[in-house]
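>>> Generate a structure from the sequence data that follows.
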Amino acid sequence: MKYQNILNDKVTQCTICPRNCKLKVGQEGFCKVRKNINGDIILETYGYNTGMAIDPVEKKPLYHFYPNSNVLSFGTNGCNMGCQFCQNAHITKVPINYNNLYKVSPEEIIEYAIKYNCKSIAFTYNDPIVFFEYAIDTAKLARKYGIKTIAVTSGFINIEPAKEFFNYMDATNIDLKAFTNHFYKKNCLANIDPVLEVIKYVKNNTNCWLELTTLLIEGENSSNEEIENECNWILENLGSDTPIHFSAFTPRYKMLEHSSTKIETLMRAYNIAKNIGLKYAYTGNLRDIDTSTTYCPNCQWPMIKRDGFQIIENNLIGNKCKHCNTICDGWFE
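Okay, the predicted model is just below:
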């Protein structure tokens, strides 16, 4: 395995993510799927996934990447984050159970994408950082067939493997889970700095289209100050053209007793982002046409109007507003 340090004949360090797990022979990492086998770190779930689905690209969520196109989505087991609010804990927080997995090669994934007329393949459900090799091999093959690839990820990856990983991704939605290290340590068992470094790298050093999502949890990462700090950071480090999705939390995993996100909290975050100067702010897990619509940064006319994941009005000609000819940032047909 490329990203590893052999410390001695009994211990090898995995260097894919900032956890840098030091694993004895036979020991698995925090992610539960990368294991020291005879001195090498091996991905035990390579070629296995938890099933595939055809989704609208808007579900990832990606609003500026070939809107209204189909995506073949799949994931595997395991995760390198320790989120106490995990939405998919049944596949990310459990040991490998091959009885619940399907053996599907990268070649077969491409065949399915072609068969079902999918514009893209999305690595999602669990974090593709932990199935690094499986995702990259699939992405390499997809590129040969003109199929795009999407990573839905936490961005918790070391910078060197990140360079290779995002070189093969055409788009990504990175989950910026909060904007304080306190939240990351308490609720994700991680830290924010590597995530911010990777986000900046993707935006400023790759051709990979970037959108961000923040799941707002009442009393945890929902204060005006934190949302303002996040939006200002995005503006200063990524630019006003980076879409941000504020999504509603529903009680899950170890936060079952926590309240769901109020509509007012999402609307407040949306307005903060807009007032700070971000062109493209959205709300998620909330069916609201106004806050799901892409507005022209110049004339404010609705360029793409959405109802849930469905586009109900498209006022783009190519990638330009048909009313004032202003470019809409993103990848469009």
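>>> okay, now Val195: neighbour count?
As a burial measure, Val195 scores 24 neighbours (other C-beta atoms under 10 Å). Where you see a C-beta, it was placed from the backbone N, CA and C, and this is true even at glycine.
>>> Buried residues, whichever strand or helix holds it. List them.
Following DSSP states H and E, one finds Val195 within helix 193-205. Going by neighbour count (16 or more other C-beta atoms under 10 Å), the buried part of helix 193-205 is Pro194, Val195, Glu197, Val198, Ile199, Tyr201, Val202, Lys203.
>>> can you check stretch 116-135 too?
The neighbour-count check on stretch 116-135 (16+ other C-beta under 10 Å) flags 118-135 as buried.
>>> repeat for stretch 136-150
Ile136, Asp137, Thr138, Ala139, Leu141, Ala142, Ile147, Lys148, Thr149, Ile150.
>>> what distance separates it from the centre of its chain?
In terms of C-alpha atoms, centre = their mean, to the nearest Å, the centre of stretch 136-150 is found 17 Å from the chain centre.
>>> got the CA coordinates for that stretch in CSV?
The C-alpha trace of stretch 136-150 is given here as CSV (Å, rounded to 0.1, in the frame of the first residue of the first chain):
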residue,chain,number,x,y,z
ILE,A,136,-9.6,5.6,-7.4
ASP,A,137,-9.6,2.5,-9.5
THR,A,138,-13.2,3.0,-10.3
ALA,A,139,-12.6,6.7,-11.1
LYS,A,140,-9.7,5.9,-13.4
LEU,A,141,-11.8,3.5,-15.4
ALA,A,142,-14.8,5.9,-15.5
ARG,A,143,-12.7,8.6,-17.0
LYS,A,144,-11.8,6.3,-19.9
TYR,A,145,-15.6,6.0,-20.7
GLY,A,146,-16.4,9.7,-20.2
ILE,A,147,-18.2,9.1,-17.0
LYS,A,148,-17.8,11.7,-14.2
THR,A,149,-17.0,10.9,-10.6
ILE,A,150,-18.2,12.5,-7.4
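>>> so where do the helices sit in the stretch 1-150 of the chain?
89-92, 106-115, 132-144 (DSSP state H, counting those that start in this stretch).
>>> State the pLDDT value of Lys2.
At Lys2, the model reports a pLDDT of 89.
>>> How about the contacts made by it?
For Lys2, the contacting residues are Pro161, by C-beta atoms under 8 Å, 6 or more residues apart in numbering.
>>> repeat for Gly47
Lys103, Val104, Ser105, Pro106, Tyr134.
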